[in-house]
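Trainee: Just the structure for this:
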Amino acid sequence: PQYNTWIELQYQQTQAGVLAYAERVIAEGYPPGVLMIDDTWQYDYGHWRFPADRFPDPKGMVERLHALGFLVMLWICPQVSADGRLYLDLRDAGLLLRGADGRPAIRDWWNGYSALVDVANPAAAAWLRGVLGVLQTEFGIDGFKLDAGDYCHYRSDDQAHRPGHPALQSEAWAEFAEGYPLNELRACWKMGNRALAQRLRDKNHSWDASGIAGCIPNILALGLVGYAFSCPDMVGGGEYLHFNGSAGSLDGELFVRHAQLAALLPMQQFSAAPWRVLDAEHARLCRDAALLHVEYGERILALARHAAATGEPIVRPLAWIWDDARASSVHDQFLLGDDLLVAPVVTKGARTREVLLPPGRWRDDQGVEHAGGGLVSVPAPLERLPRFSRC
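Mentor: Numbers count the residues shown, from 1 in each chain. Reported below is the predicted structural model:
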């Protein structure tokens, strides 16, 4: 699994907070995986350095995280705070995106107003790669979460190294990301069938299509257009404003179902700590889902290698193997490869699950055999993720 510090620490990322989160992951019985240190670990946007007051020993921190079994990623973006010496140096070197008036483009994004690195400019990309290289060599950072890069922050009349459609900057950001074997992106353009991990946009803590119900359709669509290495956003939702109330305002059932849904997808990412926001039983079921992800890890990895070689998605719609109108209309179940069908529960309160099985014989996770070619109904208590293997 992946663990992201965003929901727990938000805009107060500190060495002590990161280590406490990681230590608690292990103490709660979760398997180690990738740990992402999110926004505000840095001095400022573009200043990709650990501030000494909040990270007194970043090398020691990374060494401790490695010893716990984690790989470590840092959050970055192509924005630069539009004041100070760095901004002036990048401006004078011609490494910032310029607007139609020829001046550095200062754009409003979710963290205020910032300038933008022209990542399509080889000189700008080389500057940023050098900065990140220092983080790798000095502190042992394993990879980067490359956030932002959304085409809505760019304009067709921008003066850029690669002029044209605003999405060309998104494409360049993804091309930059491919230089890091451990990466995560949220905005891509024409970069299917490349070595890129693609996370869905932030999902709400909700049951509707803006939340959990949107995960499977979005993941299936990503796979069909070439983005096989996908993540359904953070368990419980990644929209942090939904987590600013009391813990009791959160839906434990939703957390569990989201963790189960992600368990058999290419990536499963936690951020809000189940042991903090849930009662003991719901937190235990989230941990069980994390262990299930590990159990299926070799199968997922084999499919990832297959996707890299062939372009075929890891996660597939039913219609991938069954040319039937009913299969084409199903958006709440998926195939992991061709011989494992997964039917997560994405409806609040549901304790049974209607599943459309392709033709043939299928054995469910309880050992019961079913004839395919139509609908079957199976029990789906909160602790169960219904799944079916081809006999």
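
Trainee: would Leu261 count as being in a strand?
Mentor: No: according to DSSP: H, G, I helix; E, B strand; the rest coil, the state of Leu261 is helix, so it is not within a strand.

Trainee: mind checking the SS state of the closest residue to it other than its chain neighbours?
Mentor: Spatial nearest neighbour of Leu261, chain neighbours left out: Pro344 (4.0 Å); criterion: CB to CB, 6 or more residues apart in numbering. Heads up, the C-betas are built off the backbone N, CA and C, glycines and all. Assigned state for Pro344: coil (three-state reduction, three-state DSSP).

Trainee: What number of neighbouring residues does Pro344 come out with?
Mentor: Other residues within reach of Pro344, judged by other CB atoms under 10 Å, total 25.

Trainee: pretty sure it is in contact with Gln260, am I right?
Mentor: Yes: under the criterion of CB atoms under 8 Å, Pro344 is in contact with Gln260, at a separation of 5.6 Å.

Trainee: hmm, back to that, if I pick the residue nearest to Leu261, what's in contact with it?
Mentor: Taking CB atoms under 8 Å, 6 or more residues apart in numbering as the criterion, Pro344 is in contact with 216, 257, 260-261, 332-333, 385-386.

Trainee: hmm, back to that, mutual contacts of Pro344 and Gln260, please.
Mentor: With contacts defined as CB under 8 Å, 6+ apart, the residues adjacent to both Pro344 and Gln260 are Leu385.

Trainee: Next, give phi and psi for Ala221.
Mentor: phi -60, psi -40 (degrees, to the nearest 10).

Trainee: For it, give its distance to Glu383.
Mentor: Relative to Glu383, Ala221 is positioned 30 Å away (criterion: CB to CB, to the nearest Å).

Trainee: Against which helices or strands is the top helix by length along the chain packed?
Mentor: Residue-count comparison of every helix in the chain, with assignments taken from DSSP state H, identifies helix 122-139 as the longest. Using 3 or more CB pairs under 8 Å, 6 or more residues apart in numbering; DSSP states H and E as the contact criterion, the secondary-structure elements in contact with helix 122-139 are helix 58-68, helix 167-177.

Trainee: quick one on the thing from earlier: next, format the contacts of Pro344 as TSV and append neighbour count and secondary structure.
Mentor: Listed next are the contacts of Pro344 as TSV, based on neighbours: other CB atoms under 10 Å; DSSP: H, G, I helix; E, B strand; the rest coil:
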residue	neighbour count	secondary structure
Ile216	23	helix
Arg257	27	helix
Gln260	28	helix
Leu261	24	helix
Asp332	19	coil
Gln333	23	coil
Leu385	22	coil
Pro386	22	coil
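
Trainee: Out of those residues, which is nearest to Arg54?
Mentor: The shortest gap between Arg54 and any of those belongs to Leu261, at 34.4 Å (CB to CB).

Trainee: Now the residue most central in space within the chain: closest residue in space, sequence neighbours ignored.
Mentor: The centroid of the chain falls nearest to Arg199 when counting by CA atoms, centre = their mean (3.5 Å). What sits nearest to Arg199 in space, not counting adjacent residues and going by CB to CB, 6+ apart, is Cys231, at 4.2 Å.
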